[in-house]
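A.B. asks: The sequence and its predicted three-dimensional model are supplied below.
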Amino acid sequence: MASLRTLCWDGFHERALVLYFPGPASYTGEDVVEFQVHGNPLLVRRLLGHLGTLGVRLAEPGEFTRRALLNGKQGLLEAEALRDLVAAETDTQIRLAQSRAGVEPDWITEARRVLAPWMARAEAAVDYGEDEGILLELKDLSEAIGPLSRRFHVEQTRARAARRLQDGIRLALVGRPNAGKSTLFNALAGEDRAIVTEVPGTTRDVLEVRCEWRGLPLRLFDTAGLRNTEDPVERLGVARVGPVLEAADLVLHLVPAGEETSELSAATLAPFQGKVLEVNTFADLNSSPGLPVAANLGDLDALEGALIERLLGGLAPEACLGALATDRQIELLAELVLQLDLLLGLEPGGPPELPASILQGAWGLLARLTGEDRADTALAALFSGFCLGK
Ligand SMILES: Nc1nc2c(ncn2[C@@H]2O[C@H](COP(=O)(O)OP(=O)(O)OP(=O)(O)O)[C@@H](O)[C@H]2O)c(=O)[nH]1
Ligand SMILES: [Mg+2]
C-alpha cells in the first residue's frame, strides 16, 4: 500500500511516499514500512535521527536478507546470487547472477531424491542388518550414485567457469613494440582507447579498460612494448610491465606471425609461463601455425575460442547460466564430489557403517550448500559481505 503523507517532526514537514508491506508477503516476511523522501542527505539524517528516538535502528549489513532467510522467504543460494547481482558490472555477470536467483538447481533436488532412500537403507542395514538380514548392496548403490557423481563433476566445471566470469578476467597484452598490442586492446574494448601508430614505443603507461567482449567480462591491460631502450620514459614504461603480468589471470603474448620471440620477451615471460597464451598478430599479412589474430580487420574468432578454452574449460558464457559461482559453494561442491568418489570406491563386503556415514556426510553438505544448516558459520560470513541495508 502506497500513500503520499506529510511526515511532521521537530518542525519539519516532509511530503513523503510511504509504502507499507504487511508480512508475511514482504521481502523479509515481517511488516515493513518504507519512506521515500526527498534526496537531501541532511533531511534523511534528521529523519533517521528522529526515528532513532522512537527506538528504530539502522539495519546491519545484509540484515534484510538475513531476516528473509531466517523467515524462510529466501534460500541461501538465492541470497548469494543477490549479492552477486548487486555487485555485477557487466551484462554477463547480471545474467549469471539472475540465473541463480529464485530456483534451486535441479541437480541438488535430484541429489536429494537419489540420496534419501539410500540413506534410509544404509541406516537400516546399520541398525538391523545382522538380525533382520538387511544388507546394503554396494553394486546397486554405485549404479544409483554414478550418474549423480558425473553430474557433480559437470557442475564443478560449470561452477569454476561461472566464478571466473562473475569475478571478471584480468587480461594483459604484452609483446615487442609494434606487435599490435594497442590495436588488439582497442578491438577488444570496442573503443579507441589506446593511441596506435607505426612508431615503435608508442605506448608507455599501462592502460586499463573494463569491458565485456563476446560475453566475457574483461579487465584489459595494454602495456609498453618490451625492448631495451635508451629512452628514459620508455624504460619506465617497460618496468611497469612486470606488476601487470603478476596480477593478470591470463597474459596474451603478441608475436607477429612468422617472427621469433625476442630474448627480452622470453625472459620477461618465463616466470609466468603457466598463464601465457601466445597469439600471432598480423595474421592478415603472414600465415602462422599458431593462434592467428588480425585485430585491424576485427578477425578475432580464433582468439575467442582460445580464451573460452583456456579460461572457462571450453564452456561458452551462456553454458554457465544457473551454475554455482561462489567460493563457498565451490568448496562444498568439491567436498560432495569427494564423498561420492569415496562411495564409488568402496570394496564390497565391508560393514555398512562406512557407506552410511559417507551418505550422511553428503546429505549434510547439501544442507550446508542450500543453507538449511543454520548453524553453518558461512551464513555470518555471507551477510558481512553485503552493504548496509540490503
Ligand atoms: N596489417 C596489420 N597491421 C596491424 C595489426 N595490428 C597492428 N597493426 C598496425 O601495426 C602498427 C603498430 O600497432 P600498435 O597497436 O600501435 O602496436 P603496439 O604493440 O601497441 O606498439 P607499441 O605501443 O609501440 O608497443 C600500427 O600501424 C597498426 O595499425 C595487424 O594485425 N595487421
Ligand atoms: Mg601500444
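C.D. replies: That came in fine, so what should we check first? Not measured: the values here are computed from a predicted model. Ligands and ions are numbered 1, 2, ... in the order given.
A.B. asks: show me where this structure has strands.
C.D. replies: Along the chain, counting by DSSP state E, strands occupy 2-9, 12-21, 32-36, 169-175, 207-213, 216-222, 250-256, 276-281.
A.B. asks: quick one: terminal-to-terminal distance for stretch 209-229?
C.D. replies: Using Cα to Cα, to the nearest Å, one end of stretch 209-229 lies 27 Å from the other.
A.B. asks: That should have said stretch 199-216, apologies.
C.D. replies: OK, stretch 199-216 end separation, Cα to Cα: 31 Å.
A.B. asks: How far off centre is it?
C.D. replies: Distance of stretch 199-216 from the chain centroid (Cα atoms, centre = their mean, to the nearest Å) equals 23 Å.
A.B. asks: Could you list the buried residues of that stretch?
C.D. replies: G201, T202, T203, R204, L207, V209, C211, E212, W213, G215, L216 (16 or more other Cβ atoms under 10 Å). To be clear about C-beta, it is placed using only N, CA and C from the backbone, and glycine gets the same treatment.
A.B. asks: follow-up on the earlier one: format the strands of the chain as JSON lines; extra columns: mean pLDDT.
C.D. replies: Putting the strands of the chain into JSON lines (pLDDT from 0 to 100) gives the following:
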{"stretch": "strand 2-9", "mean pLDDT": "94"}
{"stretch": "strand 12-21", "mean pLDDT": "96"}
{"stretch": "strand 32-36", "mean pLDDT": "94"}
{"stretch": "strand 169-175", "mean pLDDT": "98"}
{"stretch": "strand 207-213", "mean pLDDT": "97"}
{"stretch": "strand 216-222", "mean pLDDT": "98"}
{"stretch": "strand 250-256", "mean pLDDT": "97"}
{"stretch": "strand 276-281", "mean pLDDT": "97"}
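A.B. asks: who's in contact with G29?
C.D. replies: G23, R67, A68, N71, G72, K73 (Cβ atoms under 8 Å, 6 or more residues apart in numbering).
A.B. asks: and of the strands of the chain, who's closest to ligand 2?
C.D. replies: Distance to ligand 2, taken as Cβ to the ion, is lowest for strand 216-222 among the strands of the chain, at 6.0 Å.
A.B. asks: quick one: stretch 246-261 near ligand 2?
C.D. replies: No. Among the residues of stretch 246-261, none lie within reach of ligand 2 under Cβ under 5 Å from the ion; the closest is 9.9 Å away.
A.B. asks: Can you get me the start-to-end distance on that stretch?
C.D. replies: 20 Å.
A.B. asks: Run through who's touching it.
C.D. replies: Contacts for stretch 246-261 (Cβ under 8 Å, 6+ apart): 164, 169-176, 179-181, 184, 221, 245, 265, 269, 272, 275-283, 285-288, 290, 292-293, 307, 310-311.
A.B. asks: restrict the residues you listed to those near ligand 2?
C.D. replies: Within the contacts of stretch 246-261, those near ligand 2 by Cβ under 5 Å from the ion are K181.
A.B. asks: residues contacting the residue nearest to E234 when sequence neighbours are not counted?
C.D. replies: Leaving out its chain neighbours, the residue that sits closest to E234 by Cβ to Cβ, 6 or more residues apart in numbering is G201, at 5.0 Å. Going by Cβ under 8 Å, 6+ apart, G201 touches P177, A224, G225, R227, T229, D231, E234.
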